[in-house]
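S.K.: quick one: sequence plus predicted model below, questions after.
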Amino acid sequence: MKFSIQRESILKPLQTITGVVERRQTLPVLSNLLLSVGNEGLSMTTTDLEVEMVARVSLEGAEAGDITLPARKLVDICKALPEGAQIDIVYDEEKERATIKSGRSRFNLTTLPVSEFPNIEEVKGVFEFEVPQKVLKQLIDKTAFAMAQQDVRYYLNGLLLEVDSGMIRTVATDGHRLAVCEHEANVSPGEKIQVILPRKGVMELARLLSEGDEPVKVMVGNNHLSVVLEEYSFTSKLIDGKFPDYQRVIPRDSDKDVTADHELLRQALVRTSILSNEKYRGIRLRLQDGLIQAQANNPEMEEAEEEIEVQYTGPRLEIGFNVSYLLEALNVIDTPNVKLALGDANSSCVMRPEGQSACTYVIMPMRL
Amino acid sequence: MNIRPSDTPRDACPVHWPRAIILLDMNAFFAAIEQRDNPAWRGRPLAITNGAQGTCVITCSYEARAWGVKTGMRLREARRLCPELIQCPARPYRYAAVSTAIMQALTAITPDVEVFSVDEAFLDVTRCQRLHGTPVRMARRAQRLVHETSGLLCSVGVSGDKTTAKYAAKLDKPNGFTVIPPWEARDRLRDVPVTELCGVNRGIGRFLAEHGVHTCGDMARLPISVLARRFGNPGRRIWYMAQGADPEKLQLGVAAPKSVGHGKVVPPGTRDCQTLLVYLEHMAEKVAARLRRHRLQASHFFIGLRLPAGWLGDKPRTSLPTDDSAQIMALCRHFLSTVWRGEPVAQIQVTALNPRPANTQLDLFQYADERRQRVNAAQDAVNERYGEFTLAPARLLNRSSMPNVISPAWKPSGHRKTV
């Protein structure tokens, strides 16, 4: 195998796919990436057995062949070479070593047999749809923050992707808060799927997608999900589990409706949070006509108080929250105003961007 | 310079100390309590052991110490040195009660009392000098108070910082009284080996010796940054400590727990699963009851078995934070059946990691089991009134009869108030 490529043509795709490679490996070949040169050009593959990413780059005048190379070292070398450098990669079959040459630089890298490189099985039982790249990115970005991390309820350590009644929907929850976001999709209204994409796959997919309008193809199999872009493919195993009935926990009967200036509320909460307990992040909200008072104190007995003008008339309410949960939801809302719906001190708070029904955030209170 | 209780010029001289710290160290605390409660033992060599079966000397009276008996010695060896040695099983609840009474009495002098251990307390009297007089006078009063409250003797050290006060108290035992005024501290420590200071262990001592620091006086020649690089902030503290200027404040109150755990030694080489389950359930009950007593819950636990090769442990999680022994026991059972391969066990441990205030964050999908909570509350009420394990799972009828041991980290209030 032999090919020659411009530094800039290989660096970005390399960096995009090497996030999958874990720093510590039990299987040595997993720290390598697979380079295949064929008629369609160069394809580079990384995997951690759960997520697989492929980047495709066109080549001219290359000699076909497959090798695996240490992924991080290859990225570091390409990154450290000067801008505009021409990079030549040659594989010496006898010595089982690859040489990278550029200008007066020369690197010899070890390889591992291509046969050892694990192949994630083809996506079977496929349901396919197309969606603009930026829509999928938005759906992920607006919900993924609410996923659980290392929860015993393993099905919460991922993102629910749902297609139902012509809508595509993402849902994430860690049991304390919930984020739901939906968008119309080009699917027949009868189609229904529900799959859970694991946390790491969600993070890598979000990194891969951009704000472009071009469509991406999503393929959902029984055990896998694939997203195919022009230059990249992404495949992830799915979490085999039943996601909780999230519709049941979105309250419909909250009687206290509040409208607040999004940025005003967010900034006030950011300031108040400075003096909340660093570990538990508790904050007390007192709702009254036209006003929310936010108050926090820490074990050193320091105290912060903020008053936020809001549109509200109705009974008073005092309720506690983990301020991080409020802020993380506010951070992904991009409308000038935000709507809150509250019940009593033991019931969840619903937060929505004003004038949009696409996204819903539910946050359970804390007893302070 | 030792000052015996009497009015000396230093008592009379009303010099305001910039900082004034008193350390009271009870003399042979457990043994002294036993001798006080049991007049026949007064003036005789006495060794405290853990229960009647205990083979290790927890502490001993001054009469026994005169024969060369020391804490940590095997009873057999102690008997060889001192054939008349009386063995006395420890009564941890009694010691804890006496300690609590003493600590309570000391708050008459200052509210700033740090219970350093069951038999040691620091008093910060810096801000009481106008009220009560000189630090020396207050120290005398504290020593008297301890005697009036408990009938026991203690050694007292008075200085301007914790380390020097502790060093001073060590100089004269029993019933000693040593004053090192803060302005003399640096000189008085000059020729003292650094390892004599509380908190400078052998490892740190070796590091200091490699850098030419053997006595406290050598420390000034070592740049503070050398210690800071190796040991961080504790290293910086040691640099000041050696110069009679330990900046450490008294630790008032009990810091929030980082973990709540109990462990026990099992019969050597235990391989029987049922026996281990009894021991694990015993510890799970203790951990859960203690979590509930302090309104804490945890969702992350450590379960460990000490094998000949070292600890075999796991850190399982529950989906919701819990204070219920049944849930902890479920983790233990799962641990035994999946991780343990039947190796001989010497000791077991059950610990709740990162406990947090109970019932704070509500969950969207799961609710706490209120029935279990009511059962636990009823069990706690019974045990509070009639004693630990009056009401307990039936399996605990077979629990170890080894008595509870008072921990060195015992405190008269908060989650450390446990035996």
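M.R.: Structure's in. What do you need? Residues are numbered from 1 along each chain as shown, chains lettered A, B, ... in the order given.

S.K.: tell me which residues touch residue 211, please.
M.R.: All of this is about chain A. A:E211 sits next to A:133-134, A:137 when contact means CB atoms under 8 Å, 6 or more residues apart in numbering or on different chains. C-beta coordinates here come from the backbone N, C-alpha and C atoms, glycine included.

S.K.: to clarify, I was referring to chain B.
M.R.: Applying CB under 8 Å, 6+ apart, the residues near B:H211 are B:222, B:226.

S.K.: ok, back up a step: and the contacts of A:E211, which is closest to chain B?
M.R.: The nearest member of the contacts of A:E211 to chain B, counting by CB to the nearest CB, is A:K137 at 26.1 Å.

S.K.: what does the helix or strand harbouring the closest one contact?
M.R.: Assigned by DSSP states H and E, A:K137 belongs to helix A:133-141. With contact meaning CB under 8 Å, 6+ apart, helix A:133-141 is reached by A:159, A:168-170, A:181-183, A:202, A:205-206, A:209-216, A:218, A:227, A:229, A:332.

S.K.: taking these one by one, which sit in strands?
M.R.: Cross-referencing those against strands under DSSP state E gives A:159, A:168-170, A:181-183, A:215-216, A:218, A:227.

S.K.: now the end-to-end length of stretch A:3-22.
M.R.: By CA to CA, to the nearest Å, the extent of stretch A:3-22 from end to end equals 27 Å.

S.K.: how about that stretch, which residues are buried there?
M.R.: A:3-5, A:7, A:10-11, A:13-14, A:16-21 (16 or more other CB atoms under 10 Å in any protein chain shown).

S.K.: contacting residues for the closest residue to B:N398 other than its chain neighbours?
M.R.: Spatial nearest neighbour of B:N398, chain neighbours left out: B:V278 (5.0 Å); criterion: CB to CB, 6 or more residues apart in numbering or on different chains. Residues counted as contacts of B:V278 (CB under 8 Å, 6+ apart) are B:395-396, B:398-400.

S.K.: where do the strands sit along chain B?
M.R.: B:21-26, B:46-49, B:59-60, B:86-89, B:113-117, B:120-124, B:154-159, B:177-179, B:259-270, B:296-307, B:310-314, B:317-322, B:345-353, B:356-357.

S.K.: quick one: the first one to chain centroid distance?
M.R.: So the one you mean is strand B:21-26. 15 Å (CA atoms, centre = their mean, to the nearest Å).

S.K.: packing partners of it?
M.R.: Packing partners of strand B:21-26 (3 or more CB pairs under 8 Å, 6 or more residues apart in numbering or on different chains; DSSP states H and E): strand B:120-124, helix B:135-150, strand B:154-159, helix B:162-171.

S.K.: these: which one's closest to chain A?
M.R.: strand B:120-124 (18.6 Å).

S.K.: buried sites along the helix or strand that contains A:Q267?
M.R.: Element membership of A:Q267, judged by DSSP H and E, is helix A:262-273. By neighbour count with 16+ other CB under 10 Å, helix A:262-273 contains the buried residues A:262, A:264-266, A:268-269, A:272-273.

S.K.: let me have those residues in a markdown table, extended by pLDDT and distance to B:N233.
M.R.: Shown next, in a markdown table, are the buried residues of helix A:262-273 (pLDDT from 0 to 100; distance: CB to CB, whole Å):
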| residue | pLDDT | distance to B:N233 |
| --- | --- | --- |
| A:H262 | 97 | 42 |
| A:L264 | 97 | 40 |
| A:L265 | 98 | 39 |
| A:R266 | 97 | 36 |
| A:A268 | 98 | 35 |
| A:L269 | 98 | 33 |
| A:T272 | 97 | 30 |
| A:S273 | 97 | 27 |
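
S.K.: can I get those residues in a markdown table including distance to chain B?
M.R.: Formatted as a markdown table, these follow (distance: CB to the nearest CB, whole Å):
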| residue | distance to chain B |
| --- | --- |
| A:H262 | 24 |
| A:L264 | 26 |
| A:L265 | 21 |
| A:R266 | 21 |
| A:A268 | 22 |
| A:L269 | 17 |
| A:T272 | 18 |
| A:S273 | 16 |
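
S.K.: could these be laid out in TSV, adding distance to B:D246?
M.R.: Output for these, formatted as TSV (distance: CB to CB, whole Å):
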residue	distance to B:D246
A:H262	51
A:L264	49
A:L265	47
A:R266	45
A:A268	43
A:L269	41
A:T272	37
A:S273	36
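
S.K.: pull the helix or strand with minimum mean pLDDT from chain B.
M.R.: The helix or strand of chain B with the poorest confidence is helix B:9-12; it has a mean of 48 (mean pLDDT, DSSP states H and E).

S.K.: and the stretch 51-200 of chain A, which residues reach chain B?
M.R.: A:150-153, A:173, A:175-178 (CB under 8 Å from any CB of the partner chain).

S.K.: please redo it, this time with the cut-off set to 10 Å
M.R.: A:150-153, A:156, A:173-178 (CB under 10 Å from any CB of the partner chain).

S.K.: give me the buried subset of these.
M.R.: If we count by 16+ other CB under 10 Å, these have these buried: A:151, A:153, A:156, A:173-178.

S.K.: looking at those residues, which are in strands?
M.R.: Short answer: those in strands (DSSP E) are A:173, A:177-178.

S.K.: just the helices from the stretch 101-250 of chain A, written as ranges.
M.R.: A:133-141, A:199-208 (DSSP state H, counting those that start in this stretch).

S.K.: how about those helices in JSON lines, adding mean neighbour count?
M.R.: Listed next are the helices of the stretch 101-250 of chain A as JSON lines, based on neighbours: other CB atoms under 10 Å in any protein chain shown:
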{"stretch": "helix A:133-141", "mean neighbour count": "20"}
{"stretch": "helix A:199-208", "mean neighbour count": "20"}
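
S.K.: what about residue 301, neighbour count?
M.R.: Defaulting to chain A. 7 (other CB atoms under 10 Å in any protein chain shown).

S.K.: if you could check chain B rather than the one you did, that'd help
M.R.: 26.

S.K.: got the contact list for it?
M.R.: B:259-261, B:284, B:287, B:314-318, B:322, B:327-328, B:331-332, B:335, B:350-354 (CB atoms under 10 Å, 6 or more residues apart in numbering or on different chains).

S.K.: likewise for B:L336?
M.R.: Contacts of B:L336 (CB under 10 Å, 6+ apart): B:273, B:276-277, B:280, B:303, B:305, B:342, B:345.

S.K.: would you turn those residues into a markdown table with neighbour count?
M.R.: As requested, those are exported to a markdown table (neighbours: other CB under 10 Å):
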| residue | neighbour count |
| --- | --- |
| B:C273 | 13 |
| B:L276 | 19 |
| B:L277 | 17 |
| B:L280 | 25 |
| B:I303 | 26 |
| B:L305 | 24 |
| B:G342 | 9 |
| B:V345 | 25 |
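
S.K.: could you identify the most distant pair in those?
M.R.: Within those, B:I303 and B:G342 form the most distant pair, 16.2 Å apart (CB to CB).

S.K.: measure B:R188 to chain A for me?
M.R.: Note on B:R188: its distance to chain A, by CB to the nearest CB, to the nearest Å, is 35 Å.
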